[in-house]
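# What would the 3D arrangement of this be:
(3 chains)
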Amino acid sequence: MTTRDESRQAVASPAATELVVGSSLWQDAWKRLRKNHVAVASGWVLVFLAAACIIGPSMVAATWGYDYETQDLAYGPRPPSWEHPFGTDFFGRDLLTRVLYGCRVSLSVGFLAAILAATIGTVYGAVSSYAGGMIDSVMMRVVDILYALPYMFLVIILVTIAGKSLLLVFTALGAVGWLLTARVVRGQVMSLKSQDFILAAQSLGTRPGGIVFRHLIPNALGPVIVTFTLTVPAMILQEAFLSFLGLGVQAPRPSLGALINDGAHQMLVFWWTLLFPGGVMALMLMALNFLGDGVRDALDPRMNH
Amino acid sequence: MRGYILRRLLELVPTMMVIVVASFALVRLAPGSPFASEKQISPQVRAALEAKYGFDKPLAEQFVRYLGRIMQGDLGPSTKYPQRSVNEIIADGFPVTLTLGAVALVWALLIGITAGIIGAVRQNTVWDHAAMAAALIGISIPSFVLGPVLVLVVSLRWHLLPPAGWGDWRHVILPGLTLGTIYAASIARLTRGGMLEVVRSDFIRTARAKGLPERLVIWRHMLKGGLLPVVSYLGPAIASILTGSIVVEKIFNIPGIGPYFVDAAFNRDYFLVMGIVLIDAALLLVMNLVVDVVYTLLDPRIEYS
Amino acid sequence: MPTIATDTVLDVRDLRTYFKLDDSIVKAVDGVSFSIRRGETLGIVGESGSGKSVACLSALGLVPRPPAFHPSGQVLYRGRNLLGLPERALQDLRGNRLAMIFQDPMTSLNPYLRVSRQLTEVLEVHKSATPSEARRAAIAMLERVGIPDAGRRIDNYPHQFSGGMRQRVMIAMALLCEPEVLFADEPTTALDVTIQAQILELIAELQESFGTAVVLITHDLGVVAGTTDRVAVMYAGRIVEEGPTSEVFASPTHPYTLGLLESLPRIDAGPAGALTAIPGLPPDLGHLPSGCPFHPRCSRVLDRCRDAYPPRIALSPTHSAACFDIEVAP
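Predicted coordinates:
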């Protein structure tokens, strides 16, 4: 534990828990997380969603024989039924499969983009802060300028330039989304780098690279994880925004945003085309948010007690 | 303080320069051309068009000419809408977008801060759980799901408000709600979190030990510190609202600049794209400055030399 | 049992403060009784976790309930039991008749408000003072506690003061309404040694002027020796020895008190003298040992000590200790 954590503990408990039984920060956090029923439930929901979208389409194909592009124009849009649990869309395509595929896109883009953003941001922020002085000023200047740019606009421009591949979408998102993490990490490292354990490492002759990667970054991970839990749903939303606007993943490959867009146009008559993709999207985001909340509370116990 | 503001305003200039260069590069480096789509045009007509807009000159020269234009406040012509200049288009659309954004922001602040205070002051009671659950749900429903649902229920079923368009105050409500709810949710959580941080602090214990009535403790001692995270959040929130308005404008058919932007990006309408990016960026930079100033007004420990 | 003098200001009887946690009950204060008279200074000494802070916070009703609760006990002020009073009534008394200052002036003052605001509000709330009256009184008090240029500095923010100055501001804030009792929870622990002495002197001097009774909570025996009239030694939520300071220091009786005094480094011990520490660790308040909580660490432990809590034995009309191993002179 760092001295910061110790003093945090001391401040938080006037008398009751003054004798601290040894247990690492991460173990404590995990225990607390497990006790949070809502977060645990959300975790399961996400696991279920992930599993569903990985094996789901194959199962559907095995049972009923369609995939996301099998059209049946004779059918047209049909309400939910035994053969089509989510109904069909305008072209007679099975909505369940399409929603599951859309989930795949959302979850993978969301996590990958967030991981990319977190990685870039963490290294950038730690290096900038530890370097200090002029380098820090310049690097943070860059962040400020990029921050001022309308994010969405940039992404739209990037996406229209680079074409509509999934890989490019998540690269564009991640490339623009690392800013917050960089700022957060920089702040953390700022307060960490003047602490004694860094001084000790320096006096032992540890090279700056070692200090950054082995001491500073691990201790700054808490806020990074917290920011990550915020970034994932944000990335998923951005991707959905893009596909809602007609950018991003292209038809006929489904994306939740595009499905919702279609559904919105027909919702009066064909309510299921909006309800199911919209509902799944909301469910996914809700689970992510609840889980993210739980992780944040677990890492910072002061908030609830 | 005045010196600080002046310095920040001056710094806007180089920042904007960087943005101009970056957006110019980004937009012009894209493959394709404004005249590539649509109708078949003969090469001579094409060449004539390009000469008219100056696209036949070398890039560096185009850039310089563009700079010159901007200095005089002229954002250029639109290639998609030859009868209108970018200035006109922006002058038409921007106030609409700003109104929408302002309504959304006010809604978000009112609801969010109130809910957050209730949650913090009545921590762990029914009120708290209800407020936070509502907040979590609010964050999880994307605007493009919320919007159509609201339209479905409020406009088409209950006939209370118009479903789309722009004209009088009634047209603002649903879009404002749609756009602002996500931010209301975030603000609620941030307010509650900030207040709880403050609640736990030693100086609140002191305030109580002084025998101050609870009302006073909340309003005078807790609020200032408690709202700080919200103020920090306002900067990115405003940026995000501007971005999010693109989608909401599309859903409700609102004549803001959002839809113009997407089309312009698609159609490589260079001047329009850059014009919008520049105005947006300028707005954001100014708003960020305002937010920073407000922050220092709230937290006297921060000193800007 | 000492008789209650007529100028007793606060009388704490068998105070118990327990905390209900998920899987256990922590007995932070387990039967504490003391009283304090007008103008007197009572020192409460103990290690971290002895319950000294919680006892005083409990007296003022400042311990959050839940998770805390008071299964028994009374805190009598002017005949009223503070533990049973509604919050409104307690608010009237706090800061007004009963005041408290805390350990860390850096975090105990509101960083977002000017010092003037934090001072005047006490007078405005409790004495219905007008803003100008309150401001005048506040400036006067700041001068009294030794803040130079008080008329201007009153409008500063806490972070613009040094540590020692901040503690003076806290003291000023606490004494503005001329309370009858001042609880000082480790007021000097966070300060430099040189400043410590100044602050203690200041408290003593103000106490004489206003006739305030002071309950001084500390872990530092040196602080106790110099400034208190009486001292109570706490261990694991109970008072194990109490009496006039000079008597307790001259003839410490309880093994814990002896241990504390012996563990003080002595300047005349010579280079070869090792530091004597009390063996063992303070107990976990959620799982106290049976009988006398000190028995696992006691060098004079008897069989009885494991079975029951020792009674308080009077060593003199004013000095008592709770131990089975005391021989009372006939």
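
# rest of the way, CA atoms for contacts and neighbours
OK.

# What residues does residue 154 make contact with?
Here I'm looking at chain A. A:V176 (Cα atoms under 8 Å, 6 or more residues apart in numbering or on different chains).

# could you do chain B instead?
Per Cα under 8 Å, 6+ apart, neighbours of B:V154: B:160-161.

# Kindly confirm my reading that it is in a helix.
Yes. Counting by DSSP: H, G, I helix; E, B strand; the rest coil, B:V154 is part of a helix.

# Report how many residues lie close to residue 106.
Answering for chain A, as no chain was given. Residues near A:S106, counting by other Cα atoms under 10 Å in any protein chain shown, number 25.

# not quite, I wanted chain C
C:M106: 19 neighbours (other Cα under 10 Å).

# Let me know the pLDDT of it.
Predicted confidence (pLDDT) for C:M106: 86.

# I figured it hits C:G163, correct?
Yes. The pair formed by C:M106 and C:G163 meets the contact definition of Cα atoms under 8 Å, at 6.9 Å.

# Over to B:T114: give its phi and psi.
Here is the backbone geometry of B:T114 (degrees, to the nearest 10): phi -60, psi -50.

# how near is it to B:W127?
12 Å (Cα to Cα, to the nearest Å).

# now do B:L75
For B:L75 relative to B:W127 (Cα to Cα), the value is 51 Å.

# Between the two, which is the more surrounded one?
Taking other Cα under 10 Å, B:L75 and B:W127 do not tie; B:L75 has more neighbours (24 against 16).

# you'd agree the more buried one is up against B:G275?
Yes. The criterion here is Cα under 8 Å, and B:L75 meets it with B:G275 at 5.7 Å.

# so what sits against both of these two?
With Cα under 8 Å, 6+ apart, B:L75 and B:G275 have common neighbours B:86-87.

# burial measure for B:G244, as a count.
23.

# To clarify, my last question referred to B:V18.
15.

# Give me the three-state assignment for it.
Relying on three-state DSSP, one would call B:V18 helix.

# Tell me the spacing between it and B:F24.
In terms of Cα to Cα, B:V18 sits 10 Å off from B:F24.

# Name the residues of the helix or strand containing B:L10 that come out as buried.
According to DSSP states H and E, B:L10 maps onto helix B:2-29. Neighbour counts over helix B:2-29 (16 or more other Cα atoms under 10 Å in any protein chain shown) mark B:12, B:15-16, B:19-20, B:23-24, B:27-28 as buried.

# Between these, which sits nearest chain A?
B:T15 (6.3 Å; Cα to the nearest Cα).

# Help me confirm that that closest one comes into contact with A:I145.
Yes. Using Cα under 8 Å, B:T15 is in contact with A:I145, at 6.3 Å.

# How is B:V294 assigned, secondary-structure-wise?
The three-state label given to B:V294 by three-state DSSP is helix.

# For it, give me its contacts.
Here B:V294 is in contact with B:V231 (criterion: Cα under 8 Å, 6+ apart).

# now with 10 Å?
Taking Cα atoms under 10 Å, 6 or more residues apart in numbering or on different chains, we find B:V294 in contact with B:228, B:231-232, B:288.

# picking that back up, tabulate the buried residues of helix B:2-29 (CSV), appending distance to A:A282.
Below are the buried residues of helix B:2-29 laid out as CSV (distance: Cα to Cα, whole Å):
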residue, distance to A:A282
B:L12, 39
B:T15, 38
B:M16, 38
B:I19, 35
B:V20, 38
B:S23, 34
B:F24, 37
B:V27, 34
B:R28, 38
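
# Please list which of these are also close to chain C.
Counting by Cα under 10 Å from any Cα of the partner chain, nothing from those sits close to chain C.

# Find the residues that touch each one of B:T15 and A:I145.
Contacts common to B:T15 and A:I145, judged by Cα under 10 Å, 6+ apart, are B:281, B:285.

# How many residues are close by the residue in the stretch 151-300 of chain A that chain C sits nearest to?
At 16.2 Å from chain C, A:A298 is the closest residue in the stretch 151-300 of chain A, using Cα to the nearest Cα. By other Cα under 10 Å, 24 other residues sit near A:A298.

# Kindly state the pLDDT recorded for it?
pLDDT, A:A298: 80.

# Am I right that it falls within a helix?
Yes. Assessed with three-state DSSP, A:A298 lies in a helix.

# Can you tell me the closest non-neighbouring residue to it?
Spatially, and ignoring its direct neighbours in sequence, A:A298 is nearest to A:A29 (4.6 Å; Cα to Cα, 6 or more residues apart in numbering or on different chains).

# Going by neighbour count, list what's buried in the one helix or strand B:L278 maps to.
Per DSSP H and E: B:L278 is located in helix B:270-298. Going by neighbour count (16+ other Cα under 10 Å), the buried part of helix B:270-298 is B:270-278, B:280-289, B:291-292, B:295, B:298.

# who in the stretch 151-300 of chain B is up against chain C?
B:198, B:201-214, B:216, B:220-225, B:297-300.

# contacts with chain A among the residues you listed, please.
B:201-202.

# from the residues of the stretch 151-300 of chain B next to chain C, which would you call buried?
Members of those classed as buried by 16+ other Cα under 10 Å are B:198, B:201-214, B:220-225, B:298, B:300.

# hang on, C:T218 packs against C:V224?
Yes. The criterion here is Cα atoms under 10 Å, and C:T218 meets it with C:V224 at 7.6 Å.

# Might you list the low-confidence residue ranges for the chain?
Went with chain A since none was named. A:1-23, A:66-70, A:72-75, A:148, A:150, A:152, A:159-166, A:248-252, A:300-305 (pLDDT under 70).

# not quite, I wanted chain C
C:1-6, C:267-274, C:328-330.

# and the residue in it positioned nearest to chain A, how many residues sit next to it?
In chain C, the residue that lies nearest chain A is C:G49 (5.5 Å; Cα to the nearest Cα). Neighbour count for C:G49, taken as other Cα under 10 Å: 24.
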